[in-house]
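> structure here, sequence nowhere to be found:
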């Protein structure tokens, strides 16, 4: 079964809009795993506009499922990862000023940098994943830099799903098959939702993990957090 990792950044966005500790980010992580999520994802950014670095330290002791820390591998991120030792580090090529992750790594141009970072992470026993566009050349480059997994950036799929879902998923299927052939594990994330998740999973049955935050938290407002997690899990079965 494909694992569901719940990105809890949006809980922190809501908390930070008023200050204080409501909603409680640690409780959100505990509840997500209690409600069935097989992983917790956080993406601390340098400006700490949602998840803070202290949040990551506070969450680590309560995680009994997988803990995944996303981020751009600058020295601050790497320092946090060395301290926390998450189950997975997902490397994302986003500069500090972007609103959200909206492109994958150029694994050819950044090969030396990625190879060095990934080697250090793997020496600490941390599984590595790199955020990547569904481009076959970039998949081949990912295999060359030594990553354990790739995370396919799925916003283009989500945008085109309602227009032509077969066409929307086609590049992802090709890249997933290539990645599998090259020995890479396969994650996916960005704008996956209750509307489009089941078809994506059906098209790529050997998907290891999806990381979902924004859509899942939005659905939770109407459907409840526990019920929403169960609905997403059902899409993956």
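Structure's in. What do you need? Small disclaimer: the values here were computed from a predicted structure and weren't measured. Numbers count the residues shown, from 1 in each chain.

> under the pLDDT cut-off, which ranges of this protein? List them.
95-102 (pLDDT under 70).

> hey, where'd the strands end up in it?
For the chain, the strands defined by DSSP state E cover 3-7, 39-42, 66-71, 88-91, 127-132, 149-153, 185-189, 209-212.

> the residue nearest to residue 15 when sequence neighbours are not counted: what's it in contact with?
Excluding its sequence neighbours, the residue lying closest to residue 15 (CB to CB, 6 or more residues apart in numbering) is residue 23, at 5.6 Å. For the C-beta atoms, the positions are set from N, CA and C on the backbone; glycine is no exception. Listed by CB atoms under 8 Å, 6 or more residues apart in numbering, the contact set of residue 23 reads 11, 14, 15.

> distance of residue 23 from residue 224?
Taking CB to CB, to the nearest Å as the measure, residue 23 falls 14 Å from residue 224.

> coming back round to it: which among the contacts of residue 23 count as buried?
By neighbour count, with 16 or more other CB atoms under 10 Å, those hold 11, 15 as buried.

> of the contacts of residue 23, closest to residue 119?
Nearest to residue 119 out of the contacts of residue 23 is residue 11 (CB to CB; 33.3 Å).

> JSON lines for the strands of the chain, including mean neighbour count and distance to residue 173?
JSON lines is the format used below for those (neighbours: other CB atoms under 10 Å; distance: least, CB to CB, whole Å):
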{"stretch": "strand 3-7", "mean neighbour count": "25", "distance to residue 173": "20"}
{"stretch": "strand 39-42", "mean neighbour count": "26", "distance to residue 173": "24"}
{"stretch": "strand 66-71", "mean neighbour count": "24", "distance to residue 173": "24"}
{"stretch": "strand 88-91", "mean neighbour count": "26", "distance to residue 173": "22"}
{"stretch": "strand 127-132", "mean neighbour count": "25", "distance to residue 173": "15"}
{"stretch": "strand 149-153", "mean neighbour count": "26", "distance to residue 173": "10"}
{"stretch": "strand 185-189", "mean neighbour count": "24", "distance to residue 173": "11"}
{"stretch": "strand 209-212", "mean neighbour count": "26", "distance to residue 173": "15"}
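
> out of the ones you listed, flag the one nearest residue 171.
strand 149-153 (9.2 Å).

> quick check: angle from that closest one to strand 127-132?
On the basis of axes from the mean of the first three to the mean of the last three CA atoms, to 10 degrees, strand 149-153 is oriented at 30 degrees to strand 127-132.

> in its sheet, what does strand 149-153 sit against?
strand 127-132 (parallel), strand 185-189 (parallel) (DSSP bridges).

> nearest to residue 163 among those would be which one?
Per CB to CB, nearest to residue 163 of the strands paired with strand 149-153: strand 185-189, 19.3 Å.

> with distance to residue 198 added, can I get the strands paired with strand 149-153 in CSV?
Output for the strands paired with strand 149-153, formatted as CSV (distance: least, CB to CB, whole Å):
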stretch, distance to residue 198
strand 127-132, 22
strand 185-189, 13
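
> residues contacting the residue nearest the centre of the chain?
When CA atoms, centre = their mean is applied to the chain, the residue found nearest the centroid is residue 211 (4.1 Å). The contact partners of residue 211, taken as CB under 8 Å, 6+ apart, are 5, 6, 7, 39, 41, 68, 70, 90, 151, 187, 188, 189.

> perfect, I'm done here.
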